[in-house]
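Asks: I'd like to go over a predicted model; first the sequence, then the structure.
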Amino acid sequence: MWLSEEKYDMSFVHVDKEQERIRKDFLKELELRDMKQTYYISLVDDYISLWKIKNNLLQDINDRGVSVMYNNGGGQSGFKKNDSVPELNKTIAQMLKLLSELGLRGADIKALEEDEEL
């Protein structure tokens, strides 16, 4: 007996499609700039890896909030900052550095997407 699909989180399907679209857009832009070397493709893959991490950090912040409960087992408990918040900032900063290394800006990629829709 198969379980109904309603019990499964299918949001990863959307994420995979979006991830592939972003990667494809980057690769098209690199091709237009004649930057087909493995080094640049590797940087795009690094960016996609950081993009996945960023989404996971955002999901954690959405799920648990910016402050999380702690209990150290010694009778002390309270709230502390969610470590995902500073990690999100670091991840986004690294993503921006990769874009800079590739000579890309978000506006460049968006323009490419708009051209494709026409």
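Replies: Yep, it's here.

Asks: give me the pLDDT value at the residue nearest in space to the middle of the chain.
Replies: Ranked by distance to the mean C-alpha position of the chain (CA atoms, centre = their mean), the top residue is Trp51 at 1.9 Å. Among the per-residue scores, Trp51 holds a pLDDT of 95.

Asks: what stretches of the protein score poorly on pLDDT?
Replies: Low-confidence segments of the chain, defined by pLDDT under 70, are located at 1-15, 106-118.

Asks: mind listing what's buried along the helix ranked longest in it?
Replies: With DSSP state H applied, the helix covering the greatest number of residues in the chain is identified as helix 38-64. Within helix 38-64, the residues that qualify as buried by neighbour count (16 or more other CB atoms under 10 Å) are 40, 43-44, 47-48, 50-51, 53-55, 57, 60-61. Every C-beta, even on glycine, is put in place using the N, C-alpha and C of the backbone.

Asks: mind putting these in CSV, distance to Lys97 included?
Replies: Supplementary listing: these in CSV, determined by distance: CB to CB, whole Å:
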residue, distance to Lys97
Tyr40, 14
Leu43, 10
Val44, 14
Tyr47, 10
Ile48, 15
Leu50, 10
Trp51, 14
Ile53, 14
Lys54, 13
Asn55, 18
Leu57, 17
Asp60, 23
Ile61, 22
